[in-house]
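Enquirer: here are the coordinates; sequence isn't available:
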């Protein structure tokens, strides 16, 4: 009989497939354990002589009672106080956006930062802004892919695979940046978009900032927001010394600063990746999925990353290309419009903490109650989650209004009562008008991100791509029409209409998903 022939092999196999899982209760569970271990029907036939794993598990189950199955008491950690954990995750969300707020604050205090300045002439401001926009749009897809694939392997504690996949995606991103830079150079040869010097500045800032953004994506993947902030502060110190102490003019001092920061960050990124590889690599090595399979799985994230950053900068491009203000080039930096958006960005940073707090609180609630409901009580389960989401959104929208008012009156007080020169310029029209419309837009944008993160968590990554594509089209069409018919500052209504659509479309899908959360939760994993 086959069972006698395979008895020793089965006795060796049992402890391996049941480790930390306990005694199998029937042959079906045993079959599942064999599959989880990696065995297939072809293995059952070639190695053990059975037609398939089901027949193999029937004989193997007779030996289950011949051995003991050590059991460990589950260590139940006390759930942290809700106020403390929400505060903790809100601060972590702020840390995610701290490099942005540091850049803005240094610009307001010193008049300049790593790649911004209040004293740029408009030509330099235009080309550096265009270089920054290109860097965000070109590296955004790679940053999303690195975050998705790298974090996926890290959560599985497959550190070698995480290292290899991130290294590959990072280098592909660098290669793509180089190709785009070459393409931009060729375009200049034929069309003379800007004066050669200014065009060279644009390309150099595009390349350097692209490398910087790729490096930051690795730190975000590792959730090392504090260390990333240290690199940004180091850059602030370097540009301060180069410009203020050594007298190097802007943007040259900023060019050298970003180059230095890129070099030291790249060194630490690859050191980090090497340590990750050594953390888990064995003599057997590791193997990444085929490139075609990996690319296919990451297409939604590449697409989302591209569309998300395009959506964020599109209203600026629309406003800056209005014919009456786009002189002497087709695109021209618009100071009042940019100041209004930067003002609103301060509020956006404060709101980003709600995304982190919201998604973590959602997971706390769901994981805490999922075992309390039976299979036929799915509606009660969904109702509980739905009530939480409603309460959280009410708190978020009320808090966001208070945040916007706080930011507005803080800047206004600094300009009116304390007469701070850097803040006075924010109070000249149409900057406050742009601020209020952009502020409302960012309220809906952050709420949309919460919905999108939920959909990503439920493995519905193609859904946000569809909605943000439509939102981007709305942003473009509404912005072009209003800015050309009325005035350039009305381009911000494109951003507003796009974010409103993005919020309600993702909210409706999320609401439907929550009503069938048992299915979506099960099918996501």
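Expert: Noted; the coordinates are in hand. Please read these numbers as outputs of a predicted model, since none were measured by experiment. Numbering: from 1, shown residues only.

Enquirer: what distance do you get for residue 467 to residue 358?
Expert: Residue 467 sits 18 Å away from residue 358, going by C-beta to C-beta, to the nearest Å. Quick note: C-beta positions are derived from backbone N, CA and C, even for glycine.

Enquirer: which ones are touching residue 277?
Expert: Counting by C-beta atoms under 8 Å, 6 or more residues apart in numbering, residue 277 touches 159-160, 163-164.

Enquirer: just confirm residue 420 contacts residue 413, I think it does.
Expert: No: at 9.4 Å, residue 420 does not count as touching residue 413 under the criterion of C-beta atoms under 8 Å.

Enquirer: who has more neighbours, these two?
Expert: Taking other C-beta atoms under 10 Å, residue 420 and residue 413 do not tie; residue 420 has more neighbours (16 against 12).

Enquirer: for that one, which non-adjacent residue is closest in space?
Expert: In this structure, residue 420 finds its nearest non-sequential neighbour in residue 414, 4.6 Å apart by C-beta to C-beta, 6 or more residues apart in numbering.

Enquirer: now residue 338
Expert: Leaving aside its sequence neighbours, residue 338 sits nearest to residue 316 (C-beta to C-beta, 6+ apart; 7.1 Å).

Enquirer: give the contact list for the one you found.
Expert: By C-beta under 8 Å, 6+ apart, the residues touching residue 316 are 129, 133, 334, 337-338, 341, 491.

Enquirer: among the residues you listed, which lie within strands?
Expert: Among those, no member falls in strands (criterion: DSSP state E).

Enquirer: that older thread, among the contacts of residue 277, which ones are in helices?
Expert: In helices, judged by DSSP state H, the following of the contacts of residue 277 are found: 159-160, 163-164.

Enquirer: which SSE is the residue nearest to residue 338 in?
Expert: helix 291-320 (DSSP states H and E).

Enquirer: okay, the contacts of residue 277 in TSV with neighbour count, distance to residue 40 and pLDDT next?
Expert: Converted to TSV, these look like this (neighbours: other C-beta atoms under 10 Å; distance: C-beta to C-beta, whole Å; pLDDT from 0 to 100):
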residue	neighbour count	distance to residue 40	pLDDT
159	19	27	84
160	19	24	84
163	25	29	87
164	20	25	87
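
Enquirer: among the residues you listed, which two are most distant?
Expert: Largest separation among these by C-beta to C-beta: 159 and 164, giving 9.7 Å.

Enquirer: and which of the ones in helices among the contacts of residue 277 is nearest residue 41?
Expert: residue 160 (29.5 Å).

Enquirer: for this protein, which helix is longest?
Expert: Secondary structure assigned by DSSP H gives helix 378-416 as the longest helix of the chain.

Enquirer: that helix packs against which elements?
Expert: Where contact means 3 or more C-beta pairs under 8 Å, 6 or more residues apart in numbering; DSSP states H and E, helix 378-416 is packed against helix 335-369, helix 421-424, helix 431-457, helix 492-515, helix 517-523.

Enquirer: now it against helix 335-369, angle please.
Expert: On the basis of axes from the mean of the first three to the mean of the last three C-alpha atoms, to 10 degrees, helix 378-416 is oriented at 150 degrees to helix 335-369.

Enquirer: list the buried residues for helix 378-416?
Expert: The neighbour-count check on helix 378-416 (16 or more other C-beta atoms under 10 Å) flags 378, 381-382, 384-385, 388-389, 392-393, 396, 400, 403-404, 407-408, 411, 414-415 as buried.

Enquirer: what's the answer for stretch 105-115, then?
Expert: For stretch 105-115, a neighbour-count test (16+ other C-beta under 10 Å) marks 106-108, 110, 112-115 as buried.

Enquirer: in helices, which of the residues you listed fall?
Expert: Applying DSSP H to the buried residues of stretch 105-115, the entries found in helices are 106-108, 110.

Enquirer: turn these into JSON lines, including pLDDT.
Expert: Below are these laid out as JSON lines (pLDDT from 0 to 100):
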{"residue": "106", "pLDDT": "84"}
{"residue": "107", "pLDDT": "82"}
{"residue": "108", "pLDDT": "76"}
{"residue": "110", "pLDDT": "82"}
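
Enquirer: reformat the residues you listed as a markdown table; add distance to residue 233.
Expert: What follows is those, written out as a markdown table (distance: C-beta to C-beta, whole Å):
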| residue | distance to residue 233 |
| --- | --- |
| 106 | 9 |
| 107 | 14 |
| 108 | 16 |
| 110 | 13 |
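
Enquirer: which of these sits closest to residue 234?
Expert: Residue 234 has its nearest neighbour among those in residue 106, at 12.5 Å by C-beta to C-beta.

Enquirer: nearest residue to that closest one in space, please, no chain neighbours.
Expert: Residue 106's closest residue in space is residue 113 (C-beta to C-beta, 6+ apart), at 4.1 Å.

Enquirer: contacting residues around the one you found?
Expert: Taking C-beta under 8 Å, 6+ apart as the criterion, residue 113 is in contact with 102-104, 106-107, 236, 239.

Enquirer: out of those, which are inside helices?
Expert: The members of the contacts of residue 113 that map onto helices under DSSP H are 102-104, 106-107, 236, 239.
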